[in-house]
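K.L.:
Sharing a model that was predicted from the sequence below.
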Amino acid sequence: MGEGHINGARVLAGSSGLRSHVPVEPESIGSSLAIARQQILSGGRSLSSLVEPAGKVLIDEALARLEQQSFRIAVVGQIKSGKSSLINALVRQPRLLPTDVTPWTTTVTHMHFCKSRPLSGAGASFEFFSTPEWNDLANGDRRIRELTQRLDPSFEPDLLRQHVEAMKQRAVMRLGADFAQLLGNTHNYATFDSGLLARYVCSGSFPSNSPLGQYADITKQADLYFDGGPFAFPVTVTDTPGTNDPFLIRDEITRRSLESADLYIVVVTARQPLSEADVNLMRLMRGLNSERIIVFVNRIDDFSDVSYDVAEVLMYVERKLKTDFPGANIPVIAGSASWANCALAPDSESIGRLMQRSSLGYLADIGLLPREQLQPEAVYGNGSGRLCRALYAASGLPSMYRAVSEYMRHSPPAQLQMQTARWFCEMAAASGKAVSIELESVRNATSGVNERAALERETAVLNEVAANVERSSKTIRQQFVSIIAEEMADLRQSLTSVIEGHAMNERHVLVSTLKTGGSARRTWTLEGVALRRALADEFKECFERATARVLALQAKIAPELAKLMGLIAPEIPLPAGPDRRLLLVPQPSMAALSRFVALDIEDSWWSSLWKGRTTPESYGEQIESLIKAEFGPVGEELVATAERALTAYSTTSAKWSFGLCANIIQAVTRRREQLMTRLNGAGGPASAQMPGQSIEQQQELLADRLRRLRAVSHQLEIVAHDLDNGLQHDREPAYDRARA
């Protein structure tokens, strides 16, 4: 593994010159989630030491999942939209990621906050392409070759090959003899700064002896670990290459990095908001989850009359979103990442540039700063603090922080926390009741009520119930598997029917157009947007139907188990039915719909379609075949995603339902064995004390255990209630609440 070193501070992103006067956010982002998680972890660890072995296994598994939790934010947009500048402001590191016109970011960069460093202890890791990945890239990429053959085997993407060859030669020239050895390796650094990052994540035209972009062409991804930041909860912010990057392998890497995100921030420019390229990006992202997207209209400082122009831009953007994404609730924030970064780290040069722009008058227009204080002498005197606060308020960053915080309150991590807290409450309640019964039994140990014959009969019933629970567990798991298999077969058939129907319809349209007008060669294109929407709608409907069947089976488990457990421990109540708040099957990501297909190719590629075919029917056959071949794998990926989601839910829910019973069975078994030991040792009624323990000592231990269980249950019930309220609050649009 490659190793690198650099001198200097861990992160050099401070300012020189004027001191920032921007107030610290009153509450770190995600603090409510962080507090709730810590309370659940604390309660869960206490509970783990108070339950039987079966319960301890379940609790420890849940604790491990909680400890690995994080909220993932992906920032996407075209090259030059200002993504890196916005990220610098968002994470309060104004000069970290390079933001000049040249160079630009070409590497997926993950910025980790409130997370432990990897085992290597690295503060920054830069992973290079492997040799096979580089060969694919250098040879034009396997995916490109597949598309080429599908469209026209004789077509040569000359321009793309020229780009690839130039990149290859540049990498070899910069790295020399080390080039081949670097592929497949990773460079780790204990500390990092903006200069180091520029060597790995930036591309551009640099002098041959410049360290800028030294490793950028072969760097696959970067991981940066921060000790501080604006987040209280573990967060990963991902900076992605521009969506108009010419290399499909980078596009695939970007897409994979987006699949697991909890929130997507799409950055567009104020002077060209929601261009066709931006709309295409959002069409692809619609499959990820349109309810978890924020649009940031950047660079409002480019306007001379910001007040008027911003209002016009927001009206245009919101109208276009409603047209292109009907029914989706996508909040829009307008601002300036440049203003935010200047406010966070002002210096004489940045302040001087600002004073030369008429857009600064916007601060006076909206009442953030008196107009007479927008003079250079006022700023360089005692007015820099007021200017920084005004710039920060107008930058859109406070609104972004509030919106992100609100999304986090009803995110998948919040759902998992609430679900885990409820599970722990059920386990604590059942265990507390079992301990209460055991304590009562010890107190009455001298009564002679528990005779050997009665214990033997009860033990026989206990063993029978335990066997029935084990058989039920296997049966239920098999039923889950059967239901999921049936539903996935239906889903596959439904998606295939949508694809085939769309392909046939497009074939008929094209053939008809060619026969009647003959102009299809100049006007007919197919982006696949309508098909993606149809697949998304069908997927949602089928997944909801499958989920309903899985939940219906889950709803039957608790009553049946309650009846069984009533035979051996009628005093220990089990839920007669599942808590509706635990029936959470999050809809899986539809990231497969963002897959790059031949139908997304530039117009120049489409010219190959019109070569070598003589009849309208032959063109129609080609289009029908192309649609089926390209979207078939998309359908299969959607099926696989749905199957993973349902399987994970059914496995976890069944494990907790039967694990709760196993915990009670073990508690009852242990108590029966203790009583039988006493009987056998005393030769009479169960009055003898356990070896090494007096009756009084045992009572004291059980009473203490009961108090601790009740305390844990009370603590977790409050946390679960608060989380549940936050999730129910989800009915309001997140950004509407953030703006209130």
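P.N.:
That came in fine, so what should we check first?

K.L.:
For S472, see how far away A667 is.
P.N.:
19 Å (Cβ to Cβ, to the nearest Å). All C-beta atoms are positioned from the backbone trio N, CA, C, and that covers glycine.

K.L.:
So for the two, which sits in the more crowded spot?
P.N.:
A667 (23 against 18; other Cβ atoms under 10 Å).

K.L.:
Contact partners for the more buried one?
P.N.:
52, 431, 434-435, 438 (Cβ atoms under 8 Å, 6 or more residues apart in numbering).

K.L.:
and what of R72?
P.N.:
235-236, 238, 260-263.

K.L.:
which SS class is it?
P.N.:
strand (DSSP: H, G, I helix; E, B strand; the rest coil).

K.L.:
Who does it form a beta bridge with?
P.N.:
With DSSP bridges as the criterion, R72 is bridged to T236.

K.L.:
Find me the pLDDT at it, would you?
P.N.:
Here the pLDDT value assigned to R72 is 92.

K.L.:
Against E127, how distant is it?
P.N.:
Applying Cβ to Cβ to R72 and E127 gives a distance of 18 Å.

K.L.:
on that earlier part again, for Q493, state which of the contacts of R72 is nearest.
P.N.:
Closest approach between the contacts of R72 and Q493, by Cβ to Cβ: S260, at 28.1 Å.

K.L.:
Counting neighbours, what do you get for the closest one?
P.N.:
The burial count for S260: 15, using other Cβ under 10 Å.

K.L.:
which ones are touching it?
P.N.:
72, 589.

K.L.:
let's go with 6 Å and repeat that
P.N.:
Counting by Cβ atoms under 6 Å, 6 or more residues apart in numbering, S260 touches R72.

K.L.:
ranges for the helices of the stretch 101-250 of the chain?
P.N.:
In the stretch 101-250 of the chain, the helices defined using DSSP state H, counting those that start in this stretch lie at 131-138, 142-151, 158-175, 179-182, 194-201, 248-259.

K.L.:
One more: the stretch 401-550 of the chain?
P.N.:
412-443, 452-516, 520-523, 529-566.

K.L.:
Make JSON lines from the ones you listed and add distance to L197 to it.
P.N.:
Listed next are the helices of the stretch 401-550 of the chain as JSON lines, based on distance: least, Cβ to Cβ, whole Å:
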{"stretch": "helix 412-443", "distance to L197": "28"}
{"stretch": "helix 452-516", "distance to L197": "42"}
{"stretch": "helix 520-523", "distance to L197": "46"}
{"stretch": "helix 529-566", "distance to L197": "35"}
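
K.L.:
Without its sequence neighbours, what residue ends up closest to L706?
P.N.:
V435 (4.7 Å; Cβ to Cβ, 6 or more residues apart in numbering).

K.L.:
my guess is that neighbour meets R705, correct?
P.N.:
Yes. Look at V435 against R705 with Cβ atoms under 6 Å: they come within range, at 5.3 Å.

K.L.:
Show me which of those two is the more surrounded one.
P.N.:
V435 (24 against 19).

K.L.:
residues contacting the more buried one?
P.N.:
702, 705-706 are the contacts of V435 under Cβ under 6 Å, 6+ apart.
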